[in-house]
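J.: the sequence isn't on hand, but the structure is:
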(Lines give C-alpha, C1' and ligand atoms only; values in the text may rest on other atoms or scores of the structure.)
Protein backbone atom coordinates (compact mmCIF):
# COMPACT_ATOMS: atom_id res chain seq x y z
CA UNK A 1 0.00 0.00 0.00
CA UNK A 2 2.83 2.40 0.84
CA UNK A 3 4.35 1.63 -2.53
CA UNK A 4 1.11 2.45 -4.36
CA UNK A 5 0.59 5.77 -2.57
CA UNK A 6 4.24 6.61 -3.06
CA UNK A 7 3.76 6.08 -6.77
CA UNK A 8 0.70 8.35 -6.60
CA UNK A 9 2.85 11.16 -5.22
CA UNK A 10 5.34 10.46 -7.97
CA UNK A 11 2.62 10.81 -10.57
CA UNK A 12 1.58 14.21 -9.21
CA UNK A 13 5.14 15.52 -9.12
CA UNK A 14 5.88 14.02 -12.50
CA UNK A 15 2.89 15.74 -14.08
CA UNK A 16 3.74 19.10 -12.60
CA UNK A 17 7.42 19.09 -13.57
CA UNK A 18 7.62 17.03 -16.74
CA UNK A 19 4.35 17.65 -18.51
CA UNK A 20 2.46 14.67 -19.87
CA UNK A 21 5.23 12.60 -21.51
CA UNK A 22 5.86 9.06 -20.34
CA UNK A 23 9.54 8.36 -21.07
CA UNK A 24 10.25 5.13 -19.21
CA UNK A 25 8.50 1.91 -18.21
CA UNK A 26 8.35 3.15 -14.61
CA UNK A 27 6.78 6.40 -15.82
CA UNK A 28 4.03 4.38 -17.50
CA UNK A 29 3.58 2.16 -14.46
CA UNK A 30 3.35 5.20 -12.20
CA UNK A 31 0.77 6.84 -14.43
CA UNK A 32 -1.29 3.65 -14.71
CA UNK A 33 -1.33 3.25 -10.92
CA UNK A 34 -2.39 6.87 -10.57
CA UNK A 35 -5.18 6.30 -13.07
CA UNK A 36 -6.39 3.28 -11.11
CA UNK A 37 -6.40 5.06 -7.75
CA UNK A 38 -7.89 8.22 -9.24
CA UNK A 39 -10.72 6.26 -10.89
CA UNK A 40 -11.54 4.54 -7.58
CA UNK A 41 -11.62 7.85 -5.71
CA UNK A 42 -13.77 9.48 -8.38
CA UNK A 43 -16.38 6.71 -8.08
CA UNK A 44 -16.63 7.43 -4.36
CA UNK A 45 -17.75 11.01 -5.17
CA UNK A 46 -15.76 12.44 -2.28
CA UNK A 47 -14.99 16.20 -2.32
CA UNK A 48 -11.29 15.45 -2.07
CA UNK A 49 -8.81 18.20 -1.17
CA UNK A 50 -5.87 16.91 -3.18
CA UNK A 51 -3.20 18.91 -1.37
CA UNK A 52 -4.32 17.60 2.03
CA UNK A 53 -4.64 14.08 0.67
CA UNK A 54 -1.07 14.09 -0.65
CA UNK A 55 0.21 15.83 2.47
CA UNK A 56 -1.11 12.99 4.64
CA UNK A 57 0.53 10.39 2.41
CA UNK A 58 3.79 12.29 2.58
CA UNK A 59 3.63 12.49 6.39
CA UNK A 60 3.03 8.73 6.65
CA UNK A 61 5.79 7.73 4.24
CA UNK A 62 8.34 10.17 5.67
CA UNK A 63 7.53 9.38 9.31
CA UNK A 64 6.50 12.94 10.13
CA UNK A 65 4.02 14.02 12.77
CA UNK A 66 0.45 13.48 11.61
CA UNK A 67 -2.10 16.29 11.85
CA UNK A 68 -4.78 13.82 12.94
CA UNK A 69 -3.66 11.40 15.66
CA UNK A 70 -3.80 7.77 14.56
CA UNK A 71 -6.32 6.87 17.27
CA UNK A 72 -8.70 9.53 15.91
CA UNK A 73 -8.34 8.58 12.24
CA UNK A 74 -11.16 6.00 12.18
CA UNK A 75 -13.58 8.36 13.87
CA UNK A 76 -12.79 11.17 11.42
CA UNK A 77 -13.11 8.83 8.44
CA UNK A 78 -16.43 7.32 9.55
CA UNK A 79 -18.08 10.61 10.47
CA UNK A 80 -16.69 12.36 7.39
CA UNK A 81 -17.82 9.68 4.94
CA UNK A 82 -21.25 9.57 6.57
CA UNK A 83 -21.56 13.36 6.28
CA UNK A 84 -20.45 13.32 2.63
CA UNK A 85 -22.95 10.56 1.81
CA UNK A 86 -25.81 12.50 3.41
CA UNK A 87 -24.80 15.64 1.50
CA UNK A 88 -24.56 13.68 -1.75
CA UNK A 89 -28.03 12.18 -1.31
CA UNK A 90 -29.54 15.55 -0.33
CA UNK A 91 -28.02 17.19 -3.40
CA UNK A 92 -29.39 14.51 -5.73
CA UNK A 93 -32.85 14.72 -4.19
CA UNK A 94 -32.81 18.50 -4.51
CA UNK A 95 -31.70 18.29 -8.15
CA UNK A 96 -34.55 15.86 -8.86
CA UNK A 97 -37.12 18.10 -7.18
CA UNK A 98 -35.89 21.16 -9.08
CA UNK A 99 -35.95 19.27 -12.38
CA UNK A 100 -39.57 18.17 -11.97
CA UNK A 101 -40.71 21.57 -10.69
CA UNK A 102 -39.22 23.26 -13.75
CA UNK A 103 -40.42 20.58 -16.15
CA UNK A 104 -43.99 20.88 -14.84
CA UNK A 105 -44.15 24.45 -16.12
CA UNK A 106 -44.02 23.16 -19.70
CA UNK A 107 -47.63 23.25 -20.97
CA UNK A 108 -47.07 19.97 -22.85
CA UNK A 109 -46.29 18.12 -19.63
CA UNK A 110 -48.94 16.15 -17.73
CA UNK A 111 -48.27 14.97 -14.18
CA UNK A 112 -49.95 12.01 -12.53
CA UNK A 113 -50.87 11.84 -8.85
CA UNK A 114 -47.84 9.57 -8.26
CA UNK A 115 -45.43 12.21 -9.59
CA UNK A 116 -44.79 10.72 -13.03
CA UNK A 117 -44.61 13.35 -15.77
CA UNK A 118 -45.23 12.62 -19.43
CA UNK A 119 -45.52 14.24 -22.82
CA UNK A 120 -47.48 12.91 -25.79
CA UNK A 121 -45.18 12.77 -28.81
CA UNK A 122 -47.56 10.80 -31.03
CA UNK A 123 -51.08 9.83 -30.03
CA UNK A 124 -52.27 6.30 -30.77
CA UNK A 125 -55.65 5.05 -31.91
CA UNK A 126 -55.70 1.49 -30.61
CA UNK A 127 -56.61 0.00 -27.25
CA UNK A 128 -54.84 0.68 -23.96
CA UNK A 129 -52.89 -2.12 -22.22
CA UNK A 130 -53.73 -3.50 -18.79
CA UNK A 131 -51.16 -4.34 -16.13
CA UNK A 132 -51.46 -8.07 -16.81
CA UNK A 133 -50.87 -7.62 -20.57
CA UNK A 134 -47.80 -8.58 -22.54
CA UNK A 135 -46.72 -5.75 -24.84
CA UNK A 136 -44.20 -4.94 -27.57
CA UNK A 137 -42.39 -1.60 -27.30
CA UNK A 138 -39.54 0.37 -28.77
CA UNK A 139 -37.85 2.74 -26.33
CA UNK A 140 -34.89 4.96 -25.55
CA UNK A 141 -33.81 5.41 -21.94
CA UNK A 142 -31.76 8.33 -20.66
CA UNK A 143 -30.77 9.82 -17.34
CA UNK A 144 -31.87 13.43 -17.03
CA UNK A 145 -28.49 14.86 -18.07
CA UNK A 146 -29.09 13.33 -21.51
CA UNK A 147 -26.82 10.28 -21.30
CA UNK A 148 -28.43 7.26 -23.00
CA UNK A 149 -28.22 3.97 -21.09
CA UNK A 150 -30.48 1.81 -23.28
CA UNK A 151 -31.92 2.03 -26.79
CA UNK A 152 -33.97 -0.67 -28.51
CA UNK A 153 -33.95 1.33 -31.74
CA UNK A 154 -30.17 1.03 -31.99
CA UNK A 155 -30.42 -2.69 -31.32
CA UNK A 156 -32.94 -2.88 -34.16
CA UNK A 157 -35.35 -5.00 -32.14
CA UNK A 158 -38.35 -3.99 -30.02
CA UNK A 159 -38.76 -5.44 -26.54
CA UNK A 160 -41.57 -7.80 -25.57
CA UNK A 161 -42.41 -7.69 -21.88
CA UNK A 162 -45.06 -8.17 -19.23
CA UNK A 163 -46.16 -4.94 -17.56
CA UNK A 164 -46.02 -6.61 -14.15
CA UNK A 165 -42.24 -6.90 -14.46
CA UNK A 166 -41.29 -3.28 -15.16
CA UNK A 167 -40.43 -0.26 -13.00
CA UNK A 168 -43.27 1.65 -11.35
CA UNK A 169 -42.96 4.56 -13.77
CA UNK A 170 -43.74 2.24 -16.68
CA UNK A 171 -46.56 0.53 -14.79
CA UNK A 172 -48.18 3.93 -14.28
CA UNK A 173 -47.38 5.46 -17.67
CA UNK A 174 -47.76 2.76 -20.31
CA UNK A 175 -51.43 1.95 -19.46
CA UNK A 176 -52.17 5.60 -20.31
CA UNK A 177 -51.03 4.96 -23.90
CA UNK A 178 -53.07 3.66 -26.79
CA UNK A 179 -51.56 1.20 -29.22
CA UNK A 180 -49.48 3.09 -31.79
CA UNK A 181 -48.69 5.97 -29.41
CA UNK A 182 -45.29 7.33 -28.49
CA UNK A 183 -44.87 9.09 -25.14
CA UNK A 184 -41.95 10.66 -23.31
CA UNK A 185 -41.92 9.76 -19.62
CA UNK A 186 -40.07 11.70 -16.93
CA UNK A 187 -39.64 9.28 -14.05
CA UNK A 188 -38.49 10.32 -10.54
CA UNK A 189 -36.06 7.99 -8.81
CA UNK A 190 -38.72 6.61 -6.45
CA UNK A 191 -40.67 5.35 -9.50
CA UNK A 192 -37.51 4.15 -11.23
CA UNK A 193 -34.48 2.39 -9.79
CA UNK A 194 -34.66 4.07 -6.40
CA UNK A 195 -31.85 4.72 -3.96
CA UNK A 196 -29.66 1.88 -5.23
CA UNK A 197 -29.67 2.36 -8.98
CA UNK A 198 -29.12 -0.49 -11.42
CA UNK A 199 -26.17 -1.25 -13.69
CA UNK A 200 -25.28 1.94 -15.61
CA UNK A 201 -28.08 3.86 -13.85
CA UNK A 202 -26.81 5.68 -10.74
CA UNK A 203 -28.76 5.80 -7.50
CA UNK A 204 -31.39 8.56 -7.21
CA UNK A 205 -31.52 8.96 -11.00
CA UNK A 206 -34.28 10.82 -12.77
CA UNK A 207 -35.05 8.84 -15.93
CA UNK A 208 -36.38 9.96 -19.30
CA UNK A 209 -37.92 7.30 -21.53
CA UNK A 210 -39.29 7.69 -25.03
CA UNK A 211 -41.65 4.72 -25.36
CA UNK A 212 -43.49 3.60 -28.49
CA UNK A 213 -46.31 1.12 -27.85
CA UNK A 214 -46.20 -1.11 -30.92
CA UNK A 215 -48.47 -3.99 -29.97
CA UNK A 216 -50.53 -5.43 -27.10
CA UNK A 217 -49.99 -9.13 -27.62
CA UNK A 218 -51.80 -10.92 -24.82
CA UNK A 219 -55.08 -9.05 -25.31
CA UNK A 220 -55.19 -9.99 -28.97
CA UNK A 221 -54.24 -13.61 -28.24
CA UNK A 222 -56.99 -13.86 -25.64
CA UNK A 223 -59.52 -12.57 -28.17
CA UNK A 224 -58.70 -15.29 -30.73
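T.: Nice, thanks for sending it over. As the structure is a computational prediction, the values presented were derived from the model and not from experiment. Numbers count the residues shown, from 1 in each chain.

J.: tell me the confidence at residue 35?
T.: Residue 35 is assigned 89 on the pLDDT scale.

J.: oh, I was asking about residue 1
T.: 43.

J.: closest to the centroid, which residue in the protein?
T.: residue 202 (2.4 Å; C-alpha atoms, centre = their mean).

J.: so, low pLDDT: which residues of the protein?
T.: Within the chain, the stretches with pLDDT under 70 are 1-19, 218-224.

J.: returning to what we had before: does the residue nearest to the centre of the chain touch residue 143 like I think?
T.: Yes - contact criterion C-beta atoms under 8 Å: residue 202 and residue 143 qualify, at 7.2 Å. Using the backbone N, CA and C atoms, a C-beta is placed for each residue, glycine as well.

J.: for this structure, which segments count as strands?
T.: Using DSSP state E, the strands of the chain run over 110-111, 117-122, 134-143, 148-151, 159-162, 182-187, 207-216.

J.: identify the residues contacting the nearest residue to residue 95 once chain neighbours are set aside.
T.: Ranked by C-beta to C-beta, 6 or more residues apart in numbering and with sequence neighbours excluded, the top spatial neighbour of residue 95 is residue 206, at 7.9 Å. When contacts are counted by C-beta atoms under 8 Å, 6 or more residues apart in numbering, residue 206 is found next to 95-96, 99-100, 143-144, 186-189, 192.

J.: list phi and psi for residue 206.
T.: phi -80, psi 130 (degrees, to the nearest 10).

J.: re earlier: so who does the residue nearest to the centre of the chain touch?
T.: Here residue 202 is in contact with residue 143 (C-beta under 8 Å, 6+ apart).

J.: mind giving me the domain ranges of the protein?
T.: For the chain, the TED database gives the domain ranges 33-100, 110-217.

J.: ends of the last one, what's the gap?
T.: Domain 110-217 has its terminal residues 27 Å apart, counting by C-alpha to C-alpha, to the nearest Å.

J.: distance between it and the chain's centre?
T.: Its chain's C-alpha centre and that of domain 110-217 lie 17 Å apart, by C-alpha atoms, centre = their mean, to the nearest Å.

J.: that older thread, out of the strands of the chain, the one nearest residue 62 is which?
T.: Residue 62 lies closest to strand 134-143 among the strands of the chain, at 43.7 Å (C-beta to C-beta).

J.: just checking: what are the partner strands of the closest one?
T.: Here strand 134-143 is paired, per DSSP bridges, with strand 148-151 (antiparallel), strand 159-162 (antiparallel), strand 207-216 (antiparallel).

J.: what sits up against that strand?
T.: Contacts of strand 134-143 (C-beta under 8 Å, 6+ apart): 129, 148-153, 158-163, 174, 201-202, 205-218.

J.: are any of these buried, and which?
T.: Among the contacts of strand 134-143, those buried by neighbour count (16 or more other C-beta atoms under 10 Å) are 129, 150, 152, 158, 161, 163, 174, 201-202, 205-218.

J.: specify the beta-bridge partners of residue 117.
T.: Counting by DSSP bridges, the residues bridging with residue 117 are residue 111, residue 186.

J.: run a quick neighbour tally on it.
T.: 22 (other C-beta atoms under 10 Å).

J.: I figured it was touching residue 186, is that so?
T.: Yes - Residue 117 is in contact with residue 186 according to C-beta under 8 Å; the separation is 4.0 Å.

J.: which residues do those two both contact?
T.: With C-beta under 8 Å, 6+ apart as the test, residue 117 and residue 186 both reach 100, 103, 109.
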